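Visitor: quick check, what structure comes out for this input:
(one chain, ligands or ions: 1)
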Amino acid sequence: MIDSVKKLELLAPVGDFERLVTAIHFGADAVYFGGKHFGLRAFAHNFDLEEIKQAVTYAHAHNVKVYITVNIIAHNPDFVGLLDYLKYLDEIKVDGVIVSDLGVANLVSNHTKLELHVSTQANITNSEAAKVWVKFGAKRLVLARELTISEIKDIKQAVGEDIEIECFCHGAMCISYSGRCLLSNYFTGRDSNKGACAQACRWSYTLHSNFDQKPVEGYFPIEEDGRGTYILNSKDMCLINHIEQLVEAGVTSFKIEGRMKTPYYVATTVNAYRRAIDNYLTNKEPTFNYVEELEKTSHRLFTTGFYFNDEFKTNPNEAAPIQSHDFIAVVLEDSQDGYTYIEMRNKFKLNDVLEILSPSELFNNLFVVKEIVNEERQNLEMVNKAQQRVYIKTDKILLKKYDILRRKRSDHHDSQEQ
Ligand code: SF4
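Guide: Take a look at the predicted model:
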């Protein structure tokens, strides 16, 4: 194992405070999110100035770093208020800002002490570009998702030991070059480069010919159902079985995509990658199937993307995310006297078999709901009111605050998680 493993970091996406707390509970070393302005993901809750400060205080109290996305592709009007914002982030001791625009990077380098991280949106695909960013003050490079493992290794060697390499290891991918895409802008007027993407690449498309000529053999084969074909629909990235190769290429920060995903997604992915990284660090063989674990939350078919040049990076048949389990409840307090106080996210009833998702429990730990009691101490058969708070009998199982309960679906393709 090489020295850099000592500095490995699991970096989680958090769209709001609930996700922040969840990511930290399940073992993230660092989190990233955006403020109300200047970061992509316009439809995530994002954090206002006071919330950013609270998030930094909470994260630092748990020894977790905070990186703020300031990665819009900026036009001149976007600079109004930007310098004040950057100075504020500096003052409250944010650990780094993720930037894609040279002008924004210039403000960071010349007017603040903030650590400069270069966003994947900057499309670093070669050593020369990487070295220019380093000259510009970058401490960390989030490389383009279109690189192979050996290209990452070459870039790491070119920039040297002091520069950190961060790579996406899990989550949705864009069909365009690391997010530089105008499909959404053209079709809906929503600017994907300002975080407002309508995910137009996930829509079904039909090819239409206006010519009488016969199709030319060797062109892209299209098969379609009644809805069309999802020719632009990328699979999701999943590198959980390739931690070692990424570390050997020089990656020290493992980034999970998904600032707009649910707390359940954050919990499941962070928990799985935490264990995979820890297993790697302690030279232990994995004792369970991580991919099966990741399939329990929202995902599309998995690919290793460009890292190993997976031949099949898109799924033309289906665009909707799937998941094998539903988020049932979050634990509000540590278990006491055989009962656990929880808040529901999906309805459940007596005799349902629930599974525990907890950083201190083994995977696939099941129990049967034998008793449900409401806050007025009345017994219930079912919990079906949104965010209802109840006690359930958990006997000797000791759950911790922020643990999660989930339930296997009978049909993997039905409703979205809440
Ligand atoms: S439309 Fe698709 S490819 Fe384009 S930015 Fe949005 S998610 Fe990425």
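Visitor: where exactly do the helices run in this protein?
Guide: With helices called from DSSP state H, the chain shows them at 17-25, 49-61, 82-91, 102-111, 127-135, 149-159, 183-188, 243-249, 263-281, 290-294.
Visitor: quick one: end-to-end distance for stretch 380-388.
Guide: Taking CA to CA, to the nearest Å, the first and last residues of stretch 380-388 lie 12 Å apart.
Visitor: quick check, the residue in the stretch 301-418 of the chain closest to the ligand?
Guide: Residue nearest to the ligand within the stretch 301-418 of the chain (CB to the nearest ligand atom): Ala319, separated by 10.4 Å. For glycine as for every other residue, the C-beta is placed from the backbone atoms N, C-alpha and C.
Visitor: contacting residues around that residue?
Guide: Taking CB atoms under 8 Å, 6 or more residues apart in numbering, we find Ala319 in contact with Arg202, Trp203, Ser204, Tyr230, Asn233, Arg300.
Visitor: neighbouring contacts of the helix or strand of the chain with the lowest mean pLDDT?
Guide: None of the helices or strands of the chain scores lower by mean pLDDT, DSSP states H and E than helix 183-188, at a mean of 83. Outside helix 183-188, the residues that touch it by CB under 8 Å, 6+ apart are Ser176, Arg190, Asp191, Ser192, Asn193, Ala196, Cys197, Ala198, Gln199, Ala200, Cys201, Leu232.
Visitor: ok, the fourth one to Tyr264 distance?
Guide: Just to be clear, that refers to Ser192. 26 Å (CB to CB, to the nearest Å).
Visitor: same check on the first one?
Guide: From Ser176 over to Tyr264 the distance is 28 Å, taken as CB to CB.
Visitor: go on, the third one?
Guide: Using CB to CB, one gets 29 Å for the distance from Asp191 to Tyr264.
Visitor: quick one: which of those two has more around it?
Guide: Legend: neighbour count by other CB atoms under 10 Å for Asp191 and Tyr264, higher for Tyr264 (26 against 18).
Visitor: so for the closest residue to that one other than its chain neighbours, what's the pLDDT?
Guide: Excluding the flanking residues, the one nearest Tyr264 by CB to CB, 6 or more residues apart in numbering is Phe327, at 3.7 Å. Confidence at Phe327, expressed as pLDDT, is 97.
Visitor: over to Gln416?
Guide: In this model, Gln416 carries a pLDDT of 40.
Visitor: before we move on, what about Glu146?
Guide: Glu146 is given a pLDDT of 89.
Visitor: and the strands in the stretch 251-400 of the chain?
Guide: 251-256, 302-303, 325-331, 339-344, 348-349, 353-357, 365-368, 372-374, 379-380, 382-383, 389-393 (DSSP state E, counting those that start in this stretch).
Visitor: indicate which one of the ones you listed is closest to Thr282.
Guide: Among those, the nearest to Thr282 by CB to CB is strand 251-256 (16.3 Å).
Visitor: pull out the buried positions in the closest one.
Guide: Residues of strand 251-256 classed as buried: Val251, Thr252, Ser253, Phe254, Lys255, Ile256 (neighbour count, 16 or more other CB atoms under 10 Å).
Visitor: the fourth one bridge partners, please.
Guide: In this structure, Phe254 has the following beta-bridge partners (DSSP bridges): Leu10, Cys167.
Visitor: ok, it to Glu293 distance?
Guide: The spacing between Phe254 and Glu293, counted by CB to CB, is 16 Å.
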